[in-house]
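> task: produce atomic coordinates for the following.
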Amino acid sequence: MSVWIVGWLLLAPAADHAEEAYRTAIEAKSWERAESAAQTLVKADAARAADFLSGEYLLAHERAHQLLLVRVLLSFAWSGLEEFAEEESLSDDPTISALAARTLLKLKPEKASTLVIESTDPGVRLAALRVLVNRDPKRAMAFAIRALETARDPKLRAVAYDLVATHGDGDAARRLVLVCGQAPRDEKERAVQALGRMPIKAIASLGQMNAGREARLLAARVILARASEPLRTSLQHLRDDRDPRIALVAKVGLQRLAGGKPPNYVVQYVSSAKDTDAKLALYKTVVGANVRDPELARALSTHIRKGSNLERIHAAEAFGVAGGPIAIPMLRAMLATKRPWVLSVAAARGLAATRARGAIPVLIRELKTRSGRVQHEILGALFSLTGVDFGHVVPNWEKWWKEYGRSFRVSPVPARKKGKSGTESRYAFYGIPLHSDAVAFVCDISGSMEGAPLATLKKQLLAVLKSFPPTGRFNIICFESNVTSWASGLRNAGDKAKSSARGFVDAMATRGATNLWGGLMRAFSDDAADTIVLLSDGSPSGGKITDPAQITSTFLKRNKERMVRVHVICIGWDQPQLRRLAEKTGGTYVVKKR
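From the prediction side, this is the model:
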């Protein structure tokens, strides 16, 4: 008797048993047992398993049944494997499609370009892109740029950036600049890093690009960071750019080639700008492009101490994003500034933007002595850096840092809160937590607020007064055709002040039109207020500005130096421009029934 016949006689019963076990498990819908039996069948008789299981797959209706069959059929070699993998890679089921596509890549690498385009699974596209770069680098580069235009998966984007940096030519560099010119700030920074790894030859033509302002500025930053003789022509071309930020970058680069001392000419260029907005734009550009130079960073740090609050706010943002040797010391000094409070807020945000481990103990130390809005900003920065939330309890932060600080690594992606946290406020207004101890309540008492809206408003004001901390400060401002206020500015929330404010609330009565702009500006004119709570039930109909879009845009422009947070409560209906006002200032927007 031949060896083959002996083997068949031995294996046939095992295959019979495995097939029977599979059928029994399927009837019981025991999917794990069914998959185990199918794998046993493969080991007993691969050819029989292929015929049997592929037939079962055609008849399977339940997804769990289909998935187990796909996993088994893709796990061993059989005559129809390639055809099966290619067909199922186009399945409507994303899991089946991904499993089949990965197998297809191993069997037929030439299918990589098809999978990069057609697959909806980021992991498959990532694997296909890696295969394609070895087979057809030029085509892989085109797909990498396309991925940066459309893909959201961070791993796929990271590989795409790496491919451009390691295999890209001048055309790839130009396309990357165009793609990322209008992208969010973090994407621009990743583009700068990728372009910084490319050969000088690849970025040499960026200065002659015909592109939008932000794309040209991105190109200028890259050229400045790599400033060398082969880039002189690009710098000379950029020097005549109509955008003063780009022209400044080019001048700095040419001075560097000429052997100039950076602190001297950079500070000189920034100081010479006459227009405030232009000066700030130039300053932010210079910090972002040159902050890795310690000598220049120190010179700029000294320069901004003499600048306006707005200039220092922009400096905090610029140093936070760019990092560098002096970023944390400079931001630490700004955070410790008690007045004006806005500099502490800007510094806390800057420290969060550094994504640096050294920022965490700075924030924990300052948390001990701060309250209200600044405390909330510090807690937000700590959560962004650490992903943990101990609320206001400083000893818990200190204990955690002592235990884990030495080995802790900050994620490059800021942590985001889900649901409630330990930083919830102890008092609220219309359900909005007020993380501040310096609040101006701005309330609409126009004629349309008569009845239930005014009664609810009074009830809410009295409730928040009762819970408002005695160490805090507040004011109540009412607007109709005219604007009236309980006090000329924020007042300490002592018992006498609260009693007086309750009398003011009880006497509130509806009348006149809706001078929303007047009420908003009365609150904004008080530098002590870091939070405004605005309530209105209708479109502005009185005062200096009545167009909601103009109110929002004008306020946001004036708020650049103040950084006041505005919470908005709309009574009865949605008001998109007021929603925008709240969102742009970091506030909360709610609509309440009349």
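
> how close does residue 569 get to residue 490?
According to C-beta to C-beta, to the nearest Å, residue 569 and residue 490 sit 20 Å apart. To be clear about C-beta, it is placed using only N, CA and C from the backbone, and glycine gets the same treatment.

> ugh, wrong one, I meant residue 326
Distance from residue 326 to residue 490, by C-beta to C-beta: 35 Å.

> rewinding a little: of residue 569 and residue 490, who's got more company?
Between residue 569 and residue 490, counted using other C-beta atoms under 10 Å, the more crowded position is residue 569 (24 against 20).

> which strand residues bridge the more buried one?
For residue 569, the beta-bridge partners are residue 535, residue 590 (DSSP bridges).

> residues touching it, list them.
For residue 569, the contact set (C-beta atoms under 8 Å, 6 or more residues apart in numbering) comprises 429, 430, 432, 533, 534, 535, 536, 590, 591, 592.

> let's see that with 6 Å instead.
430, 535, 590 (C-beta atoms under 6 Å, 6 or more residues apart in numbering).

> give me the neighbour count for the second one.
Applying other C-beta under 10 Å, we find 26 residues neighbouring residue 535.

> pretty sure it contacts residue 445?
No - counting by C-beta atoms under 6 Å, residue 445 is not a contact partner of residue 535; they are 9.6 Å apart.

> now the residue nearest to the spatial centre of the chain. Its backbone dihedrals?
In the chain, the residue lying closest to the centroid (C-alpha atoms, centre = their mean) is residue 414, at 7.1 Å. The phi/psi pair for residue 414 (degrees, to the nearest 10) reads phi -60, psi 140.

> quick one: it and residue 103, what's the gap?
Residue 414 is 37 Å from residue 103, by C-beta to C-beta.

> over to residue 382?
From residue 382 across to residue 103, the span is 46 Å (C-beta to C-beta).

> look at those two and report which has more neighbours.
Set residue 382 next to residue 103 and count neighbours by other C-beta under 10 Å: residue 382 wins out with 25 against 21.

> my read is that one is in a strand, agree?
No - going by DSSP: H, G, I helix; E, B strand; the rest coil, the assignment for residue 382 is helix, not a strand.

> please renumber so the chain begins at 16
Let's use 16 as the start, then, which means that last one is residue 397.

> just give the closest residue to it, not the sequence neighbours.
Nearest residue to residue 397 in three dimensions, chain neighbours excluded: residue 378, at 5.2 Å (C-beta to C-beta, 6 or more residues apart in numbering).

> what sits against the one you found?
393, 396, 397.

> which non-adjacent residue is nearest residue 342?
In space, residue 342 comes closest to residue 334 once its chain neighbours are excluded; the distance is 4.4 Å by C-beta to C-beta, 6+ apart.

> tell me the mean pLDDT for the helix or strand that that neighbour is a member of?
Element membership of residue 334, judged by DSSP states H and E, is helix 324-337. Helix 324-337 shows a mean pLDDT of 79.

> flag every buried residue along that helix.
325-337 (16 or more other C-beta atoms under 10 Å).

> lowest-confidence helix or strand of the chain?
Counting by mean pLDDT, DSSP states H and E, the weakest-scoring helix or strand in the chain turns out to be helix 291-305, with a mean of 58.

> can you give me the strands for the stretch 216-365 of the chain?
With strands called from DSSP state E, counting those that start in this stretch, the stretch 216-365 of the chain shows none.

> so where's it uncertain?
For the stretch 216-365 of the chain, the stretches with pLDDT under 70 are 275-316, 318-319, 337, 339-340.

> which other helices and strands contact whatever helix or strand residue 86 lives in?
Here residue 86, judged by DSSP H and E, is contained in helix 78-88. If contacts are counted by 3 or more C-beta pairs under 6 Å, 6 or more residues apart in numbering; DSSP states H and E, helix 78-88 sits against helix 46-59, helix 61-74.

> and it, average pLDDT?
The model assigns helix 78-88 a mean pLDDT of 86.

> which neighbouring elements make contact with the next helix or strand after it?
Later in the chain than helix 78-88, the nearest helix or strand by DSSP H and E is helix 96-103. On a contact count with 3+ C-beta pairs under 6 Å, 6+ apart, helix 96-103 meets helix 109-122.

> rerun that using 10 Å as the cut-off
helix 61-74, helix 78-88, helix 109-122 (3 or more C-beta pairs under 10 Å, 6 or more residues apart in numbering; DSSP states H and E).

> for the ones you listed, give me TSV that also has distance to residue 241.
Converted to TSV, the helices and strands packed on helix 96-103 look like this (distance: least, C-beta to C-beta, whole Å):
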stretch	distance to residue 241
helix 61-74	56
helix 78-88	49
helix 109-122	36
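
> which one, of the ones you listed, ends up nearest to residue 481?
Of all these, the one in closest proximity to residue 481, counting by C-beta to C-beta, is helix 109-122 (53.7 Å).

> which parts of the closest one are buried?
By neighbour count on 16+ other C-beta under 10 Å, the buried set for helix 109-122 is 111, 112, 113, 114, 115, 116, 117, 118, 119, 120.

> now do stretch 81-96
Result for stretch 81-96 [16+ other C-beta under 10 Å]: buried residues 81, 82, 83, 84, 85, 87, 88, 89, 93, 96.

> with just CA atoms, put it into CSV.
C-alpha atoms of stretch 81-96 as CSV (Å, rounded to 0.1, in the frame of the first residue of the first chain):
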residue,chain,number,x,y,z
GLN,A,81,-18.7,35.2,7.2
LEU,A,82,-15.8,36.8,9.2
LEU,A,83,-14.6,33.5,10.6
LEU,A,84,-14.7,31.9,7.2
VAL,A,85,-12.7,34.8,5.7
ARG,A,86,-10.1,34.6,8.4
VAL,A,87,-9.6,30.9,7.9
LEU,A,88,-9.6,31.0,4.1
LEU,A,89,-7.0,33.7,4.1
SER,A,90,-4.7,31.9,6.5
PHE,A,91,-3.4,29.1,4.3
ALA,A,92,-2.3,28.5,0.7
TRP,A,93,-4.9,27.1,-1.7
SER,A,94,-5.4,27.3,-5.5
GLY,A,95,-8.1,30.0,-5.4
LEU,A,96,-6.5,32.2,-2.7
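
> now do it: distance to the chain's middle.
Chain-centre distance of stretch 81-96: 41 Å, with C-alpha atoms, centre = their mean, to the nearest Å.
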